[in-house]
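# Predicted structure and sequence below. I'll ask about it afterward.
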Amino acid sequence: MPGLIAKQPNGLYCRISTVVEAPTHDNMTKEELEDLLITQRSLDINLVTLEQWLAVYEVDFNLAIEQLGSACSTFEETKEWLVEVGYQHADEFMEKIAYRWDEWEEDEEEEECQIEMNLDRKAAEEFGKHFTKGFEVGFENIVIGNTQEEIDQMANALKKEASE
């Protein structure tokens with residue numbers, strides 16, 4: 001899944017995309033998160049519980065928000081979202097990452113955002129198909145800490161194994 005799952009300061013869960021640099025899902029209860037992960041084929045409840053999945057893949061909110069940027073949301077939208085989910089240091093954090101919005105031109109942003117969001121969803125679905133198998137054979141944190149090439153190699157190995 002090219003995104004990070006984290007518990008927001010308000011106790012609900014979010015998914016922050018590492019592709020579009022924005023939250024794609026937020027304010028999710030555990031039940032809603034479980035539904036999302038099952039839909040994206042990132043969780044097979046016949047093999048692991050949501051708590052087991054979270055123990056391996058949940059990321060601290062402070063680490064997850066480091067992925068926020070200008071790809072699909074404005075500076076104001078991002079700051080507003082941080083405040084909405086109860087982040088107490090939104091002003092200081094946004095000041096620290098404000099440079100990320102200086103590089104984008106407004107008219108190109110929307111078109112690129114739509115393209116990347118579609119790619120992000122397709123990648124999440126494809127990767128999710130193989131997540132359960134990867135969990136079963138013991139891959140640890142298959143996305144975070146690996147290069148795209150390493151992730152592709154693991155996914156291809158799982159596809160090959162599944163076809164045999």
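Cool, got the structure.
# for the protein, what are the low-confidence residue spans?
Per-residue confidence of the chain (counting by pLDDT under 70) places the weak regions at 1, 103-147.
# can you do 80?
Counting by pLDDT under 80, the chain contains low-confidence residues at 1-2, 102-164.
# helix, strand or coil for Asn10?
Per DSSP: H, G, I helix; E, B strand; the rest coil, the secondary structure class of Asn10 is coil.
# Count residues in the vicinity of it, would you?
Other residues near Asn10 come to 13 when the count uses other C-beta atoms under 10 Å. From N, CA and C alone the C-beta is placed, and that goes for glycine too.
# How much space separates it from Ser17?
As judged by C-beta to C-beta, to the nearest Å, Asn10 and Ser17 stand 20 Å apart.
# do Leu63 as well
In this view, Leu63 and Ser17 are 14 Å apart by C-beta to C-beta.
# When these two are compared, which one has more neighbours?
Neighbours of Leu63 and Ser17, each counted by other C-beta under 10 Å, are more numerous for Ser17; the result is 24 against 12.
# Is it correct that the more buried one is in contact with Asp26?
No - counting by C-beta atoms under 8 Å, no contact exists between Ser17 and Asp26, whose distance comes to 11.4 Å.
# so after the strand ranked longest in the chain, what's the next helix or strand?
Across the chain, the strand with the greatest residue count (assigned by DSSP state E) is strand 22-28. Going down the chain from strand 22-28, the next helix or strand is helix 30-39, by DSSP states H and E.
# That next one: what's the following helix or strand?
Scanning the chain past helix 30-39 towards its C-terminal end, the next helix or strand to appear is helix 50-57 (assignment: DSSP H and E).
# Tell me the first helix or strand C-terminal of that following helix.
Moving toward the C-terminus from helix 50-57, the next helix or strand (DSSP H and E) is helix 61-64.
# buried stuff in that next one?
Judged by neighbour count (16 or more other C-beta atoms under 10 Å), helix 61-64 contains these buried residues: Phe61, Ala64.
# For that helix, what is the distance to the chain centroid?
Taking the mean of its C-alpha atoms, helix 61-64 sits 11 Å from the chain's own mean (C-alpha atoms, centre = their mean, to the nearest Å).
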